[in-house]
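> Whatever this is, show me its structure:
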Amino acid sequence: MVTLSFASQAISSDVASEIIIRVPAVYDSSGEVFEITVRENVNETLIVQGPGTIDNDTLASIWSSIFIANILSSSPYWKSGFTIVFPSQIKSIGGPSASLGLTIAILKLINNDNVNTLYNYSITGAVNINGLTTAVGGVEAKLNATIKMGLKGMVLPISNLVEVESQASNVVPVASIYELYLMSQGYGLNSTFIKRPATEYPGDIRGYLDNVYWYFRNKTNVELDIVKTYIKYADEAYLQGKMYAASSLAFTAYTRYLQTLYSNMNITELHARYESLKEKSSILREKLVELEKQKVSSKLIGLYDVELLSLGESRLWMCMNLLTSFEQSNFTDKNTLAQADARCLTAEFWINAANTSFASQPLIDSERMNDYINMYIFYLDKYVWYVESLITKLNATNELSQYLLTLKSTYQLITENKEAWSLPLKLGLTTELAQDIAIFMDAFNTETEYLLDKYIAEEYRTWYLLYSRANLYQLDSIVSNLYLEYSEFMKDKDPLIAYQMASQAVVSLYPIIIYTKTFSSEQPSESLLIEKKTMNTLLNWAALMIIIFISSFLAGLVFGKRAQKERQLGGNREPTMPAEHIQS
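Numbers count the residues shown, from 1 in each chain. Okay, here's the model as predicted:
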């Protein structure tokens, strides 16, 4: 058994450190490079100075920079107090593409690394929730401004490289914030640092997943064309001893098989099956509640218990959501009911797995984890706000708007019940929300085979960094290892699934990484202090403050009249949602 203890206070300093970054922007189709100063402050608040107005996507991207920099930092302290100073002559700021530069600056400050090796480069790009760079607009104009200024080059997302290939010698493409950080430390472009220990998880879980594989394998009609590939991969994974990959692929095959069965049902049969699933979900809910009383109701609880219960909670939540969607279709959407059936099964399997009595597992402080999950929710709110502001600014398609509603409903569900909910349910839903946000933000990149390979490599590198840090506290994660196993198995078979599973492996470590940090206060301050330059600026910011505190979901608004030179940090790329994939 492992019990952790933490320092009771955070490091503070009366001397504020700062880093200056150079960020290119576009206005009226022309580029310009300006300097942004980033410094720590001891107030644990976010302070933005300089611009007359600032769009919501820019504000939200600053919060996201603070989050991901803390996640990746080697410091045991979570720092949320930063002052961002834009040039005073800038009247308006919009777009998220300063966030790559802001994230690297904040990361270096948190790590007490104040040597700015990137000062002779301009930096443009956005960063998603799992630390990968995402494409932005206007890179040609930004690069021209960088060259005109006499800088060494421009750092940009690797997904933007195709737009400036003719000037490749003047750009430094990066796939992740961690890659950029290593480069700033003097490591070359070809330094991969991709290594990790062999996938390990308790033998009890390995044996259980063996049974799950055979359950789905035996219930599936393996002669159907739509399942043959999944069964082939499942059998291969099983022979290699990759039990989670094998069980997930067998589950995917079974789901496809179920969809063919449901397609032949009449309305009476569908309704009867719906009632049966509703009853089953209620029984599973009662079983979950009972298990949680047994395993996670004390101050010190097992990490493996929490993780497995959170999987049961999230899968049951998916099942119940799908049943609600079936109701809303007037009991006619056969595919949705088939998915609900499959999700109820996986919920049942994970709930049964959570009943395992482990010989040894790390212990965590349930009260501390609960408080820190609430802090995590604070930042997830900023990401939901970020997504909404992007969708609003893009006048996005109905598909994306519908996706946003899913994100918001998940977030609202968490916040409305977060004080009463059990820790496993809260952990399960916050992880699902983070994974959905990652999928949406990744959609801004054009996914070629080369880019997917690069992103997968960066996800593995980030995973190893985070997993190693969790292991310093002996907090090895079952769930994260399972996702990574699946990703590694699928890498040469379906890179898109491998990439998405690697992303989930990274995001699933976030609650554990946050848990290992020490905060100087229970929650970062939401106050946004603005240096007021003119009466018009004061009025503009007053309006902004009112809107922010009325609703964190309002986005894409323009505050005040635009000045003649309006800087646009971001682009107008329309994201493309990836195809659905399934894991158990």
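> what separates residue 48 from residue 402, distance-wise?
32 Å (C-beta to C-beta, to the nearest Å). Quick note: C-beta positions are derived from backbone N, CA and C, even for glycine.
> more crowded one of these two?
Set residue 48 next to residue 402 and count neighbours by other C-beta atoms under 10 Å: residue 48 wins out with 20 against 11.
> Mind telling me what element the more buried one is part of?
In this structure, residue 48 sits in strand 46-49 according to DSSP states H and E.
> What's the mean pLDDT across that strand?
Average pLDDT, strand 46-49: 90.
> tell me how far that strand is from the chain's mean position?
Here strand 46-49 is found 24 Å from its chain centre; the criterion is C-alpha atoms, centre = their mean, to the nearest Å.
> Strand partners (parallel or antiparallel) of it?
Here strand 46-49 has these sheet partners by DSSP bridges: strand 82-85 (parallel), strand 528-531 (parallel).
> How far off centre is the first one?
For strand 82-85, the gap between its own C-alpha mean and the chain's C-alpha mean amounts to 24 Å (C-alpha atoms, centre = their mean).
> repeat for stretch 35-44
25 Å.
> State the distance from residue 178 to residue 334.
44 Å.
> and what of residue 101?
49 Å.
> Comparing the two, which shows the higher neighbour count?
Per other C-beta under 10 Å, whichever of residue 101 and residue 334 has more neighbours is residue 101, with 28 against 22.
> residues in contact with the more buried one?
Residue 101 is in contact with 21-23, 36, 123-125, 155, counting by C-beta atoms under 8 Å, 6 or more residues apart in numbering.
> In strands, which of those appear?
21-23, 36, 123, 155 (DSSP state E).
> number of nearby residues for residue 296?
For residue 296, the neighbour count with other C-beta under 10 Å is 21.
> these two touch, right, residue 64 and residue 100?
No: the pair residue 64 / residue 100 is not scored as a contact, 10.9 Å apart, by C-beta atoms under 8 Å.
> Please say which of the two ends up with more neighbours.
Higher neighbour count among residue 64 and residue 100: residue 100, with 28 against 25, using other C-beta under 10 Å.
> and the gap between the closest residue to that one other than its chain neighbours and residue 350?
Among residues not flanking residue 100 along the chain, residue 125 sits closest, at 3.5 Å (C-beta to C-beta, 6 or more residues apart in numbering). Distance, residue 125 to residue 350, using C-beta to C-beta: 37 Å.
> How about residue 342?
Going from residue 342 to residue 350 by C-beta to C-beta gives 13 Å.
> With residue 61 instead?
For residue 61, the distance to residue 350 (C-beta to C-beta) stands at 35 Å.
> likewise residue 59?
Residue 59 sits 38 Å away from residue 350, going by C-beta to C-beta.
> which one of the strands paired with strand 46-49 has the lowest average pLDDT?
Least confident of these, judged by mean pLDDT, is strand 528-531 with a mean of 44.
> give the contact list for residue 149.
22, 33, 122.
> Apply 6 Å and report the result again.
Going by C-beta atoms under 6 Å, 6 or more residues apart in numbering, residue 149 touches residue 33.
> Show me the helices in the stretch 151-300 of the chain, by range?
177-184, 203-219, 225-239, 243-263, 267-295 (DSSP state H, counting those that start in this stretch).
> for the ones you listed, which one ends up most surrounded?
helix 243-263 (a mean of 24; mean count of other C-beta atoms under 10 Å).
> For that one, list the C-alpha coordinates in CSV.
What follows is helix 243-263, C-alpha atoms only, in CSV (Å, rounded to 0.1, in the frame of the first residue of the first chain):
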residue,chain,number,x,y,z
MET,A,243,-6.0,-8.2,-23.5
TYR,A,244,-7.6,-4.8,-23.5
ALA,A,245,-7.0,-4.4,-27.3
ALA,A,246,-8.4,-7.9,-27.8
SER,A,247,-11.5,-7.3,-25.7
SER,A,248,-12.2,-3.8,-27.2
LEU,A,249,-11.9,-5.1,-30.7
ALA,A,250,-14.1,-8.1,-29.9
PHE,A,251,-16.6,-5.6,-28.4
THR,A,252,-16.5,-3.5,-31.5
ALA,A,253,-17.3,-6.5,-33.6
TYR,A,254,-20.1,-7.5,-31.3
THR,A,255,-21.6,-3.9,-31.6
ARG,A,256,-21.6,-4.1,-35.4
TYR,A,257,-23.3,-7.5,-35.1
LEU,A,258,-25.9,-6.1,-32.7
GLN,A,259,-26.7,-3.4,-35.2
THR,A,260,-27.6,-6.0,-37.8
LEU,A,261,-29.8,-7.8,-35.3
TYR,A,262,-31.6,-4.7,-34.3
SER,A,263,-32.1,-3.6,-37.9
